[in-house]
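Asker: this one's structure only:
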């Protein structure tokens, strides 16, 4: 009987590991921190290049662009639906994701997943990421580039954590938000120089706002 129960637990273990946890990644996608720079940049076309993130198993192809759009709308640029005065492009330069604590899964299974039931994590997804924001005028002349680094550590757990299907994406999102948080004060300092240069460069022909969206890179 005991052997049969062990086999049942082993059979169910994969499903338990990917079962939805108590929190959702959707709230993180909408959770841009409100930390507007003192003097916003004029409205810009928003672009994104996934770079090596396209090869990761976490973030979706559209995630970098969506996060950067939210960051610009919330903290960096003035709103408009008519004209844009240049480009802001987010480029992911480096990314590395590690899975740690996987050795605990064997122990979890052998103990009928009891540690997981009591809140012990099954593993962690840890992402370190470097991103760059490039600001160019309407003619495509690069006016400045600003680099930030972000890290994350997302645990996979049955109740107080995330599922194995959600954790990799969330790890990438948190790291990307961390990189943008480092870039934000750099742009705040550079606004006094960038704003007149962007205005002097004129407007972008055929602007795509308010739904500006260009993303490059693919899996």
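Answerer: Sure thing, it's come through. The structure presented is a predicted model; accordingly, all values stated were derived computationally and were not measured.
Asker: going forward, measure contacts and count neighbours with C-alpha atoms only.
Answerer: Fine.
Asker: what about residue 181, how many neighbours?
Answerer: For residue 181, the count of nearby residues is 17 (other Cα atoms under 10 Å).
Asker: Spell out which helix or strand contains it, please.
Answerer: helix 167-200 (DSSP states H and E).
Asker: For that helix, name the packing helices and strands.
Answerer: helix 25-29, helix 63-71, strand 123-136, strand 142-156 (3 or more Cα pairs under 8 Å, 6 or more residues apart in numbering; DSSP states H and E).
Asker: do you know which of the ones you listed lies nearest residue 170?
Answerer: helix 25-29 (6.2 Å; Cα to Cα).
Asker: which other residues reach stretch 123-133?
Answerer: For stretch 123-133, the external contacting residues (Cα atoms under 8 Å, 6 or more residues apart in numbering) are 88-102, 104-105, 145-157, 167-168, 171-172, 175-176, 179-180, 183.
Asker: Show the buried residues in those.
Answerer: Listed as buried from these are 88-93, 95, 97, 105, 145-157, 167-168, 171-172, 175-176, 179-180, 183; burial here means 16 or more other Cα atoms under 10 Å.
Asker: Point out where this protein drops to low pLDDT.
Answerer: Of all residues in the chain, those with pLDDT under 70 make up the ranges 1-30, 101-121, 158-161, 209-219.
Asker: Can you verify residue 139 is assigned to a helix?
Answerer: No - per DSSP: H, G, I helix; E, B strand; the rest coil, residue 139 lies outside any helix segment and is coil.
Asker: residues contacting it?
Answerer: Residue 139 neighbours (Cα under 8 Å, 6+ apart): 86, 201, 204.
Asker: and what of residue 175?
Answerer: Counted by Cα under 8 Å, 6+ apart, residue 175 has contacts 127-129, 149-152.
Asker: Recalculate using a threshold of 7 Å.
Answerer: Residue 175 is in contact with 127-129, 150-152, counting by Cα atoms under 7 Å, 6 or more residues apart in numbering.
Asker: That one and residue 181, how far apart?
Answerer: Computed as Cα to Cα, to the nearest Å, the residue 175 to residue 181 distance reads 10 Å.
Asker: Same check on residue 38?
Answerer: Residue 38 is 15 Å from residue 181, by Cα to Cα.
Asker: tally of neighbours for the spatially closest residue to residue 80 that is not a sequence neighbour?
Answerer: Excluding the flanking residues, the one nearest residue 80 by Cα to Cα, 6 or more residues apart in numbering is residue 43, at 6.2 Å. Residue 43 has 26 neighbouring residues, counting by other Cα under 10 Å.
Asker: pretty sure residue 43 belongs to a helix, no?
Answerer: No - under three-state DSSP, residue 43 falls outside any helix and is assigned coil.
Asker: my read: it touches residue 78, true?
Answerer: Yes - Residue 43 is within contact range of residue 78, at 5.1 Å (criterion: Cα atoms under 7 Å).
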